[in-house]
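J.: based on what follows, work out the 3D shape:
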Amino acid sequence: MEKFKFTTKTNYEVFRDYWMFTLFEKRGANGSRSGFVKYMTVLIVIVAALAVLCVCNAALMGNALGLIPLILLIGIGAALVSALVTATKSQPKRQYKLVQEAVESPQNYIFTEERMEVREYIPEEDRESLAEFPYEKIISGYETQKAFYLFISETEAFLIPKDQLGEIHPKALEAFLAEKLNGRFSVSKKS
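T.: Just a heads-up that it's a prediction; the model follows:
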């Protein structure tokens, strides 16, 4: 019996939302933060320590260290800004161009009581592909303001834009996925 059936195509806006989610919110299998969040945290701590060093150098040490703390602060601060801009602005555009053809082709979803089925037409091969995923094989599911993400590995997910569910209300799909994924489904804090 079909529970839900719809067709989606991912656009850049949904892909960027997914990108930002994986950078800042998605947790690893062991519940740890992403490598990017860890890297940014280290840079922020270094910038804060250098700022304190600059203040101490100027106020308490009479500039005994000269401009070295200020130069280090500016350099590390520039690295922080550069990493943030690259990761949130230019990198999602580059990655989207790499996967654009695949994610923009229509994907037909059917959710049954036992599994998720995804059908996609492959023009180069003039055939339709079918992928079936019992709910036990979906490692995690997330809902954001714009989409649902169903991860079949730590780095591979199906992106389901909410505005393409047709007559299906997002809350109905949310409740269904929460039940079927049995504790492996989360709603984004920013939703």
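
J.: what's the average pLDDT for stretch 76-86?
T.: What stretch 76-86 shows for mean pLDDT is 82.

J.: same deal with stretch 9-28?
T.: For stretch 9-28, mean pLDDT is 85.

J.: now swap in stretch 178-191 and tell me
T.: Confidence over stretch 178-191 (mean pLDDT, whole number) is 85.

J.: how distant is that stretch from the center of its chain?
T.: Distance of stretch 178-191 from the chain centroid (C-alpha atoms, centre = their mean, to the nearest Å) equals 15 Å.

J.: count of residues packed around the residue nearest to residue 146 when sequence neighbours are not counted?
T.: Counting by C-beta to C-beta, 6 or more residues apart in numbering, residue 17 is the residue found nearest to residue 146 once chain neighbours are left out, at 4.7 Å. For every residue, glycine as well, the C-beta is placed using N, CA and C. Number of residues near residue 17 (other C-beta atoms under 10 Å) recorded here: 21.

J.: just the pLDDT at residue 162, thanks.
T.: At residue 162, the predicted lDDT confidence score is 94.

J.: in a helix, residue 160, correct?
T.: No - secondary structure assignment (DSSP: H, G, I helix; E, B strand; the rest coil) places residue 160 in strand, not in a helix.

J.: and residue 119, what does it touch?
T.: 107-108, 110, 128-131 (C-beta atoms under 8 Å, 6 or more residues apart in numbering).

J.: which of the residues you listed sits closest to residue 169?
T.: Nearest to residue 169 among the contacts of residue 119 is residue 110, at 17.4 Å by C-beta to C-beta.
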